[in-house]
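Visitor: let me see the structure of the following:
(chains A and B)
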Amino acid sequence: MKNFSGIWRTSGVAIVAPAALATLALLAAFAGLLLPGAAFAQGQGQDKSAPLSQVQRLNRAPVNKEVLRVQLPRPTVVKLKNGLTLVLEEDHKLPTIAFTMWIRPGQLADPGDLPGLASFTAGMLREGTEKRTSEQIASEVDSLGATLEASSRFGVSYTSVNASGLISDAAKILDLLSDVVLHPSFPASELAKFKQSEGASLEQRLSSPAFLATQGFRRVIYGDTPMAVASATKESIEKISVEDLKRFHEKHYVPGNAILGVTGDFTASEMRATIEKYFGAWTGAAEAPDKFAAAVAPQATKITLVDRPASVQTFIIVGDRAIRRTDPEYYGLAVMNQVLGGGPQARLFLDLREEHSLTYGSYSRFNAEIYAGDWQASAPVRTKVTGDAFDRFLYEFKKINDEPVPQSEMDDAHRAIIANFALSLEQPSQILNDWLTAQYYGLPADYWDKYPDHIGGIDAAGVQVAAKKFVDIDHLQWICVGDRKEIESVLKKYGTVNVVDVTGKAEN
Amino acid sequence: MNLMRKMRAAAIVGLGFALGLGGVLRAAPGENQAASAGVKVPKLEFRDVKLDNGLRVILVPDHSAPVYGIDVCYNVGAHNEHPGRTGFAHLFEHMMFEGSENVAKGEHFVLVFNNGGNMNGTTNEDRTTYFEELPKNQLDLGLFLEADRMRALNVTQANLDNQRNAVQEERRQGIDNQPYGRAQLDLDNLAYDNFAYKHSTIGSMTDLNAASIDDVKDFFRIYYAPNNAVLTLVGDFDPDETLAKVKKYFAAIPAQPAPPKVDLSEEAHYGERREVIYDPLARLPEIDMAYHIPPGNTPENYAAQQLTYVLGQGESSRFYQRLVKEKQLASQVSVQSDARIGVSQLYISANPRPGVKVEDLEKAIDEEVAAVVKSGVTSDELAKAKSQLLRQFIERRRSALFTAILIGNYTVYFNDPNLINTIVDKEQAVTVDEVNAVAKKYLVQDQRAVVITYPAADEKASSKGAQ
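Guide: Okay, here's the model as predicted:
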């Protein structure tokens, strides 16, 4: 059963990017590699006694040079009278239906003393409505073999409510979905149970190296903003009341704030009519979206050591603030990121794993939101090679800053992104997410039609511009989750080290 | 390496395949006539051909998207390993990406991703499988990559040492640096006496260190022969043309003598096995249990899958409602079962809420198990389980790649590619009486293994208290 291994896996860090970025991570699988072996002989700080395991290219495999260009099918987009936007994507392969609702503002609207309020509000939607108990909801969902879940993830500017099932149950699923979104009752007895369970989850998360690294990273790079929060706290879990949930729901869960995406085996006009039946009476005008600064003053580079005694690895995250989803630099960052760390064919993986045997996997990614999100690279490495991992990261960061990416590697990158759109055509939920992204962030209606050309328009100079700005070695923030007594002295060779415990409190 | 049972519960279907494959291990689920009347899962027409060298080829045209999935499933897994070489099947899987006669080390990743594709390889106790998904105009590429490494794997000491490190880091990342990592390994170790399933797929550090170039060469010769593999293609292609290409790339690879058969039988146990772990990385205790159930693709295993769903699938399931909601003893609970070639397991895992004693939670679990053994499941519960299984199976059929992987598994595990079309009916046929009989026969304390994990801090606290 659980004995199961992959040759590679994307990093264990919880994805804090919007769903569409997770999608992009899959889409944008490219980045040619082929650094000549000689380039690696210059690597600093390596044990030269062992022969390197060389990555090469023979170019003997039969490759069709023609890129299969496809167009994403356009959804039907309608705005109902009450302000609810619908994005309807027909897909007739299987007898199923899936709903995805995005409701802003999500966790970024949490009051300062109640981190987790949006997340609690979403999590409590299923725990009782004006006409159904928590158990009835669970039982109805499971009896249909359906899914119904709501979450407001940290760092994401909206709450998501998702439901899915067989197309024959579409009306029943819509009835459940609309009931939990429109009429939750937030029973006090259920809130008490929910708090218990959240308290336990919080405790469990503090044992996860990936969570601790993300928590540390967010605190360092987002400073005194709502984006710095990575979870509820013991105090906020205690404090959140039924009234808080009701207030948050009443204020923010309004049709003007929401987009409902649907994909499945239906016709768009009929689905619109059905949705109007369930959501037509919902009222509430859109709130003005929160405004966030486009640019953030960079901080001098430093290292934060999260002390996790008994660790046998150091989990490293390194990165900095980056861009908003609508910034024109998006394409340059996307191409640069994929060359550097966008998969097992990218530079970081081939260097840290395939050449230098430091890790099971090293990747990079970025998160572009309504605020300037972050770019980050990461790798879990065995404790004793923590310094070697720093050397390899620095080597690759410097290289992508200083040397133009060779044309063949640029060609690979462009081809990979564009050709990968074909794969998304069998994943209607992915296509829907792409269109929801366009709708939510206010991107043009033909955004995905033009996307391949924008990506193709980024040349080696464009990659270098992005590298200099976002992989700026003097301003990168390093987070290392590991055993302090084993790694602190090594880390000090690379810069100022601040030590914190798993809760983020400074250690002496 | 996805050893986390909790992650498996959250198996995603679709392109996020590193996780999504979790579902494959449970030789997929079925359908419920009552709850899903009128829902038809489209049947797949496929061609099933054996080349002269013994390679079994399954071709499934599916023109719904301009892509294809290719899967090569080898009939070898951790159960074929010998004492002293645990973890070898998986280490070998890594070597399959280290180059062959016409593909350099690392070039596989580069060729697949840079042509718009996606790929991975996975190993479990019963099989090792390799797969790619690509745009349809790259049909030759996928076939070439799989054929070249089946025909002429290139092995060097430097690459072996490199991948030994990668695998050891995989173990640290997934097990040694995670809370409850040891519990995962120890549970199977207790639950089986037969070495085939007793040892872990990831293997011990000592055994990984002992693996040699000769081991790699022998393993390749014995197990990576065309007559020990199934090649499955699903997607937007013409089957005649594709079969001709398959022959072009694979037909000249020589067959090998059939690999030795492994005895997967497990003698009955006499008495519960139990272990306590003090885990320095855990912050809360955990209870892990395993009950023997019959091998996959048997009526009893299908009934056990339904039983698993009644106990633990969804928030309306018995365990969630009783232990998490009503009694508020557990912060989370999961019930899962697998469908191996040999004796399989039904696993229960739960964490007590902070402040709740492990013994009280275990007692409550025992009471739920006793209740289902004594009184059985209701027809409503079974109908619900069948709806859930049907829905999940339909979603697994969405992706060409995932469908190819499923068919490859069914063929290697049960010699039945057509299970892709019949498994739903097999699930549908399960009755309340069959589920109840399985509960009575297999949820037996004498036949179970239990691992209790406490945070190491608790050990210190309790020994101080004793002084």
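
Visitor: could you chop the chain up by domain?
Guide: Just so you know, I chose chain A. Recorded structural domains for chain A (assignment: automatic domain parsing) are A:19-40+A:294-500, A:84-279.

Visitor: nope, chain B
Guide: Following automatic domain parsing, one finds the domains of chain B at B:5-33+B:46-250, B:273-466.

Visitor: just the strands in the stretch 401-508 of chain A please.
Guide: For the stretch 401-508 of chain A, strands defined by DSSP state E, counting those that start in this stretch occupy the ranges A:477-482, A:497-500.

Visitor: my error: substitute the stretch 151-300 of chain A in the last question.
Guide: Using DSSP E, counting those that start in this stretch, the strands of the stretch 151-300 of chain A run over A:159-166, A:258-264.

Visitor: go on, the stretch 301-450 of chain B?
Guide: Here the stretch 301-450 of chain B has its strands, by DSSP E, counting those that start in this stretch, at B:330-337, B:344-352, B:448-455.

Visitor: need the pLDDT of residue A:29.
Guide: pLDDT recorded at residue A:29 is 24.

Visitor: roughly how far does residue A:239 sit from residue A:120?
Guide: Distance, residue A:239 to residue A:120, using C-beta to C-beta, to the nearest Å: 10 Å. Where you see a C-beta, it was placed from the backbone N, CA and C, and this is true even at glycine.

Visitor: joint contacts of these two?
Guide: Counting by C-beta atoms under 8 Å, 6 or more residues apart in numbering or on different chains, residue A:239 and residue A:120 have no shared contacts at all.

Visitor: which one of these two is surrounded by more residues?
Guide: A direct count of neighbours by other C-beta atoms under 10 Å in any protein chain shown for residue A:239 and residue A:120 places residue A:120 higher, at 25 against 15.

Visitor: just checking, that one touches residue A:245?
Guide: Yes: counting by C-beta atoms under 8 Å, residue A:120 touches residue A:245, with 6.3 Å between them.

Visitor: overlap in contacts, these two.
Guide: Jointly contacting residue A:120 and residue A:245 under the rule C-beta under 8 Å, 6+ apart are residue A:191.

Visitor: sorry, back to before: got TSV for the domains of chain B, with distance to chain A too?
Guide: Formatted as TSV, those follow (distance: least, C-beta to the nearest C-beta, whole Å):
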stretch	distance to chain A
domain B:5-33+B:46-250	3
domain B:273-466	3
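
Visitor: worst average pLDDT in these?
Guide: Out of these, domain B:5-33+B:46-250 stands lowest, with a mean of 89 (criterion: mean pLDDT).

Visitor: and residue B:188, how far from residue B:221?
Guide: Residue B:188 sits 29 Å away from residue B:221, taking C-beta to C-beta as the criterion.

Visitor: same check, this time on residue B:70
Guide: Counting by C-beta to C-beta - residue B:70 and residue B:221 are separated by 24 Å.

Visitor: repeat that for residue A:270.
Guide: 60 Å.

Visitor: equivalent analysis for residue A:282, please.
Guide: Distance, residue A:282 to residue B:221, by C-beta to C-beta: 67 Å.

Visitor: next: residue B:305.
Guide: Distance of residue B:305 to residue B:221, computed by C-beta to C-beta: 37 Å.

Visitor: higher neighbour count, those two?
Guide: residue B:305 (29 against 13).

Visitor: find the closest residue to chain B in chain A.
Guide: Nearest to chain B, among the residues of chain A, is residue A:419, at 2.6 Å (C-beta to the nearest C-beta).

Visitor: contact partners for that residue?
Guide: Contact analysis of residue A:419 by C-beta under 8 Å, 6+ apart lists A:67-68, B:115-117, B:135.

Visitor: can you rerun that using 10 Å?
Guide: Residues near residue A:419 by C-beta atoms under 10 Å, 6 or more residues apart in numbering or on different chains: A:29-30, A:64, A:66-70, A:452, B:113-117, B:134-135, B:137-138.

Visitor: same check, this time on residue A:472
Guide: Residues near residue A:472 by C-beta under 10 Å, 6+ apart: A:298, A:301, A:320, A:397, A:401.

Visitor: put the buried members of the contacts of residue A:419 into a ChimeraX selection.
Guide: Selection of buried members from the contacts of residue A:419 for ChimeraX, criterion 16 or more other C-beta atoms under 10 Å in any protein chain shown:
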select /A:29,30,64,67,68,70,452 /B:113,114,115,116,117,134,135,137,138
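
Visitor: keep only those of the contacts of residue A:419 that are in helices.
Guide: Counted as lying in helices by DSSP state H, out of the contacts of residue A:419, are A:452, B:113.

Visitor: skipping adjacent residues, who's closest to residue 143 in space?
Guide: In the absence of a named chain, this looks at chain A. Among residues not flanking residue A:143 along the chain, residue B:384 sits closest, at 4.8 Å (C-beta to C-beta, 6 or more residues apart in numbering or on different chains).

Visitor: correction: the question concerned chain B.
Guide: Nearest to residue B:143 is residue B:249, by C-beta to C-beta, 6+ apart, at 4.7 Å.

Visitor: Provide the secondary structure category for that neighbour.
Guide: Recorded secondary structure, residue B:249: helix (DSSP: H, G, I helix; E, B strand; the rest coil).

Visitor: residue B:147: which of the strands of the stretch 151-300 of chain A is closest?
Guide: Nearest to residue B:147 among the strands of the stretch 151-300 of chain A is strand A:258-264; the distance by C-beta to C-beta comes to 36.9 Å.

Visitor: in its sheet, what does that closest one sit against?
Guide: Sheet pairing here is set by DSSP bridges, and for strand A:258-264 it gives strand A:85-90 (parallel), strand A:96-103 (antiparallel).

Visitor: kindly compare burial across the ones you listed and name the winner.
Guide: Highest mean neighbour count of these: strand A:96-103, a mean of 23 (counted as mean count of other C-beta atoms under 10 Å in any protein chain shown).

Visitor: what angle separates that one from strand A:159-166?
Guide: Strand A:96-103 and strand A:159-166 are oriented at 170 degrees to each other (axes from the mean of the first three to the mean of the last three C-alpha atoms, to 10 degrees).

Visitor: chain center to strand A:96-103: distance?
Guide: 18 Å (C-alpha atoms, centre = their mean, to the nearest Å).

Visitor: next structured bit after that strand?
Guide: Moving toward the C-terminus from strand A:96-103, the next helix or strand (DSSP states H and E) is helix A:117-123.

Visitor: is that following helix in proximity to chain B?
Guide: No: under the criterion of C-beta under 10 Å from any C-beta of the partner chain, chain B is not reached by helix A:117-123; the shortest gap measures 11.8 Å.

Visitor: elements contacting that helix?
Guide: If contacts are counted by 3 or more C-beta pairs under 10 Å, 6 or more residues apart in numbering or on different chains; DSSP states H and E, helix A:117-123 sits against strand A:96-103, strand A:147-151, strand A:159-166, helix A:188-205, helix A:234-239, helix A:242-252.
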